[in-house]
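*Asks:* what follows is a protein structure lacking sequence information:
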């Protein structure tokens with residue numbers, strides 16, 4: 001089916017559903033395993049630092065309760081009143097990144113203010129340039145992040161940018177799963193930079209734009 005027809009079919013179905021019933025569906029960017037068991041955190045012996053994931057900056061067009069669908073063939077976006085985020089999207093992204101980084105690195109995500117100088121911290125700021133939801137096609141995440149060393153002499157601030165694209169199948173749940181996968185891949189790249197910056201590996205579906213320090 002033509003992608004444009006699929007896009008308008010989704011909008012028509014959403015519109016009819018809204019007229020027929022006030023039922024709304026809520027979605028989260030935390031993986032299902034995390035929602036089911038938030039205590040299942042991977043740990044490693046004697047972590048040498050902690051992380052502090054800061055509030056995430058978002059484009060205004062997606063910074064709203066509704067999930068915003070992009071038209072693959074036009075500069076058109078449509079908020080779906082029947083499909084909402086379980087919490088503000090900036091919080092959803094921050095929590096998903098925090099959870100993934102804590103698990104992959106085996107470290108705690110803590111507030112950087114007021115911590116003892118004996119505890120090295122990496123403050124992580126993320127700014128999202130694009131958060132595209134193309135129904136039945138792909139989820140796109142384009143983000144810049146800054147890694148700032150706290151209580152770490154000799155360490156430099158690192159600024160990087162990357163774009164992640166994940167193909168998705170039909171359905172809203174599949175689209176959300178695509179965004180979850182994109183965030184997991186971004187977290188994997190950030191984790192690799194924190195552990196061994198020179199050895200940060202190429203991850204499938206991730207287009208690294210470059211880094212500066």
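*Replies:* Yep, that arrived. Every value quoted in this text rests on a predicted model; they were computed, and no experiment measured them.
*Asks:* so the residue nearest the centre of the chain: helix, strand or coil?
*Replies:* Among the residues of the chain, the one closest to the centroid is residue 183, at 3.7 Å (CA atoms, centre = their mean). Three-state assignment for residue 183 (DSSP: H, G, I helix; E, B strand; the rest coil): helix.
*Asks:* what's the closest non-adjacent residue to it?
*Replies:* Nearest non-adjacent residue to residue 183, counting by CB to CB, 6 or more residues apart in numbering: residue 96, 4.6 Å away. For every residue, glycine as well, the C-beta is placed using N, CA and C.
*Asks:* what strand or helix carries the one you found?
*Replies:* helix 89-105 (DSSP states H and E).
*Asks:* show the subsequent helix or strand relative to that helix.
*Replies:* Scanning onward from helix 89-105 (DSSP H and E), the first element met is strand 121-134.
*Asks:* for that following strand, the distance to its chain's centre please.
*Replies:* 6 Å (CA atoms, centre = their mean, to the nearest Å).
*Asks:* mean pLDDT per helix and strand in the protein: which one sits at the bottom?
*Replies:* When the helices and strands of the chain are scored by mean pLDDT, DSSP states H and E, helix 3-20 comes last with a mean of 57.
*Asks:* tell me the SS of residue 30?
*Replies:* Applying three-state DSSP: residue 30 is coil.
*Asks:* cool, and residue 62?
*Replies:* Going by three-state DSSP: residue 62 is coil.
*Asks:* hang on, it packs against residue 70?
*Replies:* No: with contacts counted by CB atoms under 8 Å, residue 62 stays clear of residue 70, the gap being 9.4 Å.
*Asks:* between the two, point out the one with more neighbours.
*Replies:* residue 70 (23 against 20; other CB atoms under 10 Å).
*Asks:* for the more buried one, give me its contacts.
*Replies:* Under the criterion of CB atoms under 8 Å, 6 or more residues apart in numbering, the neighbours of residue 70 are 76, 77, 132, 133, 134.
*Asks:* try residue 180
*Replies:* So residue 180 contacts 29, 30, 31, 96 (CB under 8 Å, 6+ apart).
*Asks:* just checking, next helix/strand downstream of the host helix or strand of it?
*Replies:* According to DSSP H and E, residue 180 maps onto helix 172-195. Downstream of helix 172-195, the next assigned helix or strand under DSSP H and E is strand 206-212.
*Asks:* how far does that next one sit from its chain's centre?
*Replies:* Distance, centroid of strand 206-212 to centroid of chain: 16 Å (CA atoms, centre = their mean).
*Asks:* go on, stretch 122-139?
*Replies:* The answer for stretch 122-139 is 6 Å, by CA atoms, centre = their mean.
*Asks:* same check, this time on stretch 125-140
*Replies:* 9 Å.
*Asks:* any idea how many residues pack against residue 136?
*Replies:* 18.
*Asks:* now the one 10 residues further on
*Replies:* Neighbours of residue 146 under the rule other CB under 10 Å: 14.
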